[in-house]
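*Asks:* sequence and predicted model, in that order:
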Amino acid sequence: EAGVAQSPRYKIIEKRQSVAFWCNPISGHATLYWYQQILGQGPKLLIQFQNNGVVDDSQLPKDRFSAERLKGVDSTLKIQPAKLEDSAVYLCASSLDPVHYGYTFGSGTRLTVV
Amino acid sequence: GQQVMQIPQYQHVQEGEDFTTYCNSSTTLSNIQWYKQRPGGHPVFLIQLVKSGEVKKQKRLTFQFGEAKKNSSLHITATQTTDVGTYFCAGPKTGANNLFFGTGTRLTVIP
């Protein structure tokens, strides 16, 4: 089966600019996650979708981050305006059943804010 | 808040030596998962443990879930250069059905 697709692979922007990341999960996976991974740390959940509804966005900095999953398939994550501390890899993952199965991660988008 | 700590943070081993990483949760976990992330790569699911005291093996890798379901370990026998990467444990976030990842152990294997 095809994996989780993410784009772009790399992005460099200046602080205060905006940026958007795109994710296409594995077909049939109802649950989609966005994680932020700062260099040397474990992934940290930003937001979880079940179909097109938000299940958990408790750790999403809502003053600058937003995400949507229209039609319950693709998802986009946006940062506006970006800060230097947003430099990280943004990982999208999907799962058939988060209780019984592991996640499948995409290759991630490496964001550098200068 | 919920914490999942892993030790050691870094481990350098000579090829052929054994390696163990330990995962300790501040809360009891219903299950625990392990992931491997190669340098420059993304986390890849290895295994899930559910039962108290459960032990599972995948070739040279042995995974164990503690009796109290608050700790876990991953042991690699006779490491190879292909084992290089960071190993993360992850457990369900309290009150949610998403994963809280540990701090990770970065393994370097010296040929």
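*Replies:* On my side now, so go ahead.
*Asks:* can you tell me the element residue A:40 falls in?
*Replies:* Using DSSP states H and E, residue A:40 maps to neither a helix nor a strand.
*Asks:* any idea how many residues pack against it?
*Replies:* 10 (other Cβ atoms under 10 Å in any protein chain shown). (C-beta placed from N, C-alpha, C; glycine too.)
*Asks:* tell me how far residue B:62 lies from residue A:34.
*Replies:* Using Cβ to Cβ, to the nearest Å, residue B:62 is found at 32 Å from residue A:34.
*Asks:* try residue A:110
*Replies:* Distance, residue A:110 to residue A:34, using Cβ to Cβ: 14 Å.
*Asks:* neighbour count winner among those two?
*Replies:* residue A:34 (24 against 17).
*Asks:* regarding the more buried one, what is its secondary structure?
*Replies:* Under DSSP: H, G, I helix; E, B strand; the rest coil, residue A:34 falls in the strand class.
*Asks:* quickly find the element holding the nearest residue to it once chain neighbours are set aside.
*Replies:* Spatial nearest neighbour of residue A:34, chain neighbours left out: residue A:46 (4.5 Å); criterion: Cβ to Cβ, 6 or more residues apart in numbering or on different chains. Counting by DSSP H and E, the element that carries residue A:46 is strand A:44-50.
*Asks:* what residues sit buried inside that strand?
*Replies:* Neighbour counts using 16 or more other Cβ atoms under 10 Å in any protein chain shown place A:45, A:46, A:47, A:48, A:49 of strand A:44-50 among the buried residues.
*Asks:* what's the closest of the residues you listed to residue B:10?
*Replies:* residue A:45 (24.6 Å; Cβ to Cβ).
*Asks:* model confidence for the residue of chain B found nearest chain A, exactly?
*Replies:* Chain B approaches chain A most closely through residue B:45 (3.1 Å), counting by Cβ to the nearest Cβ. Residue B:45 is assigned a pLDDT of 96 by the prediction.
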